[in-house]
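In: here is a sequence together with a model predicted from it:
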Amino acid sequence: MSATSAERAVTFTPGLAGFDEAANYWLLQASLRLRREVCWRWHLREDAPLHADALPPLDSPLMVSLDLARHARAKAEFFRRDVTARYLSDQIATAEPTAADCATGSFGWVAQQLALTPVARFALGLGASAAFDGSVGPVIAACLDDGARTTPTLGLVQRLWDDPSEVMQLADPWHALWRHGLLQASAPLSPDDGSIGWMQAFTAPALIARRLLFPATPLPDMLSSLDPTSSRQPTGHAVEEFQSVIARLRSGDAHALRVVPVLGARGASAADAVARVADTLGRPVCHVTSRGLTSAGGAALRQLAVLCWLSGHDLLLADADAGAHGDDSTTLALSSLRGLPLIVYVTVGDAASVAALPRDLVQPALCVTGLDHAARVRLWRALLGKRGLALGDAVEECARRFRYDRERITAIAHALRAEPGPMTKERLIASCRADMVVDLGYLAQEVKPRFGEGELVLPPRQRAQFDDVARAMLALTAVHYEWGMGRPWNESGISVLFAGPPGTGKTMAAEILSATLDIPMYRVDLSQVVNKYIGETEKNLKRVFDVADTADAILFFDECDALFGRRTEVRDAHDRYANVEISYLLERMERFKGLAILATNRQKDIDEAFRRRLRYIVEFPMPDVRERRSLWTTMLPPGVDARDVDVDFLARQFPLAGGHIRSIILNACLQSAGGSPGTRPRLTMERVIVAVQREYDKLGRSVTLEQFGPHAPALRAVAHA
């Protein structure tokens, strides 16, 4: 090879601070062997035949095969004769340095832990060099005779290694390099195929390569180590509760992947429980949320799991219900790392999510519950200190209404203590509500109350029932925790049914309750919740109830008979699954800790079992004459001149519900607008009478001219206009 060609050979000198010694050797091996291969390729391009046999064109696919077989002897002869190639061969022959103590997660540590053969170490070094050094890509492309292929293949490893037959062990998809995620193929590996293609590109993922080469580097931002001191914070759990899980993990196979479902609470409560178990086992844990993995999917999770193993940590994967909403990337990623000696804690919402995890990897579930009311009260009082003494019973009320975990309570309390001025109940509730996250997506929408308490017109009996609902919600804390009713009733909230014909004020009453109690209201969209696919309705309902259970919220189910209908005799599979939905609702409603308001105009269609779970049933009847007069009076806009409107006549002659009366007034106002600028708006009886007639037409109900009395001519004039 000419001197010019020798100078053009790519060099790779990883003499960097903190570089692992074994990695330094094998990356240098990769560089030397690549450079020697480049020498051979350049020699072929010079068309200098080494013996009588003619060589095919360099870009011929046949060259790959002949290079390993027919011309292997010619290649070896060139390596002995060429000055540069012989020098590189001498460098390649340098013995690997022995290292007794290797840093955890380093290249040398991995080689020792997995008992990697020299050819496996070389393949790992080649993959790491492609991820670490950008200048290696063009050299690989030159060796592969393809400028677009800048990552190595097993075929290239076979050409670079002295004994090509040894590379066959790497074609096994269960080889430690693939099984532990140290090398990643360009296409998913399938053990069913029996081997890995020789031309399939591979590399060491960047995060993994960085850890192998520089074991002292900090973990990436996506991973955060759980604070072991958090396991000694008050969480409402004793480590004895988790002894069965701890014993199973201690006696299990330490050389295989083990998945521990963390069932129940989320966020800090789950992290506290995992920290408690990890502290007992003496195994540190890193935490990652699935929100950071959404775009990258299972590939990112595999890299982070391998990185945790290399750093000596187990992994807590939060907010990752495997199989939920059709997303099984978590399950696939965990299945691909079966041989990784790692414990992965996965927070899940229910048993269905546990069933979606790889069955042979799942360990007993770590059942975590959030802080109970007493623990939340103690935590609030401890964090608020002396300034919190002035709050009195407001702390108990806040602890019931906002069922937050320790982390959120701590953050809110610290912010309150930092604010100047006296600490009041209003400030406490406002701070908790500001931290409230109710993300129901398309399943429910927040409703801003539009009406005041004086606008609700009900008969005395129903009005007293309505007032009882508000009074019960205000007394719920005292009754549950001072009177001792919380334990037998599972600290449940209150469920109310508003029943009556359309337009009688059911939705208005729900909004007035929201304003009176100062609790946000969310209207559940049944068109989005109810799903024709089996099991999806229950999933949607679970999400609605779970989100509302953690915070202070009212759930409003309008036209609830579509969801809370009667169970039927089972005649086919559809009946069976419909009954399952209703049974789930019965059970979940009983555990709901907030205020659930159901509204229907078909009370007889509601399943009888719901009645026992309802604290109050408020009938909204059609208003009588006195109530209709009150409705007409209160609904007329205060800024409009309505002296001509005879509310007594309207209330007496037309038996309409409040919703219809409001619609009539709006339509009359719309037809009366457009007067002279600067003058007071005026609403005439004639416009109201016409709007009444059109409301009856819209309802499909007949009305005679005699009912309109002296105002009938106005209708005749409109009819002939």
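Out: Received the coordinates, thanks. All figures in this text were calculated on a predicted structure; none of them were measured in a lab. Numbering: from 1, shown residues only.

In: ok, L474 to I429 distance?
Out: Taking C-beta to C-beta, to the nearest Å as the measure, L474 falls 13 Å from I429. All C-beta atoms are positioned from the backbone trio N, CA, C, and that covers glycine.

In: how about the strands in the stretch 501-650 of the chain?
Out: Using DSSP state E, counting those that start in this stretch, the strands of the stretch 501-650 of the chain run over 521-524, 554-557, 595-600, 616-619.

In: can you tell me the average pLDDT over the third one?
Out: Averaging pLDDT along strand 595-600 gives 90.

In: can you check stretch 355-365 too?
Out: Throughout stretch 355-365, pLDDT has a mean value of 81.

In: what of stretch 19-37?
Out: 87.

In: dump that stretch to CSV, restricted to CA.
Out: Output of stretch 19-37 as CSV, limited to C-alpha atoms (Å, rounded to 0.1, in the frame of the first residue of the first chain):
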residue,chain,number,x,y,z
PHE,A,19,-12.3,5.9,29.4
ASP,A,20,-12.8,2.2,30.4
GLU,A,21,-9.5,0.3,29.8
ALA,A,22,-11.2,-2.7,28.3
ALA,A,23,-13.4,-0.4,26.1
ASN,A,24,-10.2,1.4,25.0
TYR,A,25,-8.7,-1.9,23.9
TRP,A,26,-11.7,-3.2,21.9
LEU,A,27,-12.5,0.1,20.3
LEU,A,28,-8.9,0.3,19.2
GLN,A,29,-9.2,-3.3,17.9
ALA,A,30,-12.3,-2.2,15.9
SER,A,31,-10.4,0.8,14.5
LEU,A,32,-7.3,-1.3,13.6
ARG,A,33,-9.3,-4.0,11.9
LEU,A,34,-11.4,-1.5,10.0
ARG,A,35,-8.2,0.3,8.8
ARG,A,36,-6.6,-3.0,7.7
GLU,A,37,-9.8,-3.9,5.8
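
In: any idea how far that stretch is from the chain center?
Out: Average the C-alpha atoms of stretch 19-37, do the same for its chain, and the two points are 43 Å apart (C-alpha atoms, centre = their mean, to the nearest Å).

In: buried ones in that stretch?
Out: By neighbour count, and taking 16 or more other C-beta atoms under 10 Å as the criterion, the buried residues in stretch 19-37 are 19-20, 22-37.

In: I'd like the list of those residues that fall within helices, please.
Out: Applying DSSP state H to these, the entries found in helices are 22-37.

In: out of the residues you listed, flag the one nearest to L219.
Out: The shortest distance between L219 and any of these, using C-beta to C-beta, involves A23 and amounts to 18.5 Å.

In: separation between the closest residue in space to that closest one that isn't next to it in sequence and R41?
Out: Leaving aside its chain neighbours, A23 sits nearest to F107 (3.5 Å; criterion: C-beta to C-beta, 6 or more residues apart in numbering). Plainly put, F107 is 28 Å away from R41 if you go by C-beta to C-beta.

In: higher neighbour count, these two?
Out: In this view F107 and R41 are compared by other C-beta atoms under 10 Å, and F107 has more residues nearby, 32 against 16.

In: ok, that one - contacts?
Out: Remark: with contacts taken as C-beta atoms under 8 Å, 6 or more residues apart in numbering, F107 is in contact with 20, 22-23, 26, 121, 124-125, 128, 212-213.

In: the residue nearest to A23 and A201, how far apart?
Out: From F107 over to A201 the distance is 21 Å, taken as C-beta to C-beta.

In: hmm, back to that, please report phi then psi for the residue nearest to A23.
Out: Backbone torsions for F107, taken as degrees, to the nearest 10, come to phi -60, psi -50.

In: can you give me the distance of it to V119?
Out: Between F107 and V119 the computed distance is 15 Å (C-beta to C-beta).
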